[in-house]
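>>> need coordinates for the following:
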Amino acid sequence: MHTQYQPILQFLSSIDHDWAKLVATVGECKFQTKPEREPYEALVRAVAYQQLSTKAGDTILGKFIRQFGAFPTPPQLIAAEFDTLRAVGFSGRKIETLKAIAAGAVSGLVPSREIADNMSNDALIERLITLKGIGQWTVEMMLIFTLARMDILPADDFGIADGYRRLKKLDAAPKRKKMAEIGKAWSPYRTIASWYLWRVPKV
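Next up is the predicted model:
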């Protein structure tokens, strides 16, 4: 049992009966981060999964990395031919975004890991959504899975909103604004709350 999450699970379980049942059903929290990744790599990976199932994202990302023999450096990605990236399965729009991220990493707009660690969530979101094709959700995935920030709720994530709909047996999933409002009660552990909402049983 990951005892580090024990106080958080007690906190979530104390919200109400539905949350207590969800935590008990899903069991221990196996939330894992990739702290060794640079923000550049985290953003590229998040873009690969935008609007795709995990399986489809995994396939494209695998081909992408094999194409370069390892995860490409920003200069390698900038130099890559459009057709090469198209062949691994990226859309024209995603290729534009990937090249913008790589250019941002070279210019310093996309901060290094060391700099990112010392920036607030809001400052990182504000800075990175200036990149073409990068919205708040993509930055939030980086905040959760790379920077291990514990109080992030991607309020317009379909899986989270739909998980909450099932948890509360609602007719419709809450929209972004409503979801953000509801989620305030889960602070300062909204990341772990999100992890559980992604796992609400589909029955």
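>>> only C-alpha atoms from now on, for both contacts and neighbour counts.
OK.
>>> any idea how far residue 172 is from residue 93?
The gap separating residue 172 from residue 93 is 30 Å, by C-alpha to C-alpha, to the nearest Å.
>>> what's near enough to touch the residue most central in space within the chain?
Per C-alpha atoms, centre = their mean, the C-alpha nearest to the average position across the chain is that of residue 141, at 1.7 Å. Residues near residue 141 by C-alpha atoms under 8 Å, 6 or more residues apart in numbering: 46, 154.
>>> likewise residue 166?
Residues near residue 166 by C-alpha under 8 Å, 6+ apart: 200-202.
>>> return the members of these classed as buried.
Buried members of the contacts of residue 166, scored by 16 or more other C-alpha atoms under 10 Å, are residue 200.
>>> and the contacts of residue 166, which is closest to residue 179?
Nearest to residue 179 out of the contacts of residue 166 is residue 200 (C-alpha to C-alpha; 15.8 Å).
>>> helix, strand or coil for the closest one?
Classification of residue 200 using DSSP: H, G, I helix; E, B strand; the rest coil returns coil.
>>> give me the neighbour count for the spatially closest residue to it that is not a sequence neighbour.
Counting by C-alpha to C-alpha, 6 or more residues apart in numbering, residue 200 lies nearest to residue 163, which is 5.3 Å off, once chain neighbours are set aside. Close neighbours of residue 163, defined as other C-alpha atoms under 10 Å, add up to 21.
>>> report the contact partners of residue 163.
By C-alpha under 8 Å, 6+ apart, the contact list for residue 163 reads 197-200.
>>> ends of stretch 128-141, how far apart?
End-to-end distance for stretch 128-141, by C-alpha to C-alpha: 12 Å.
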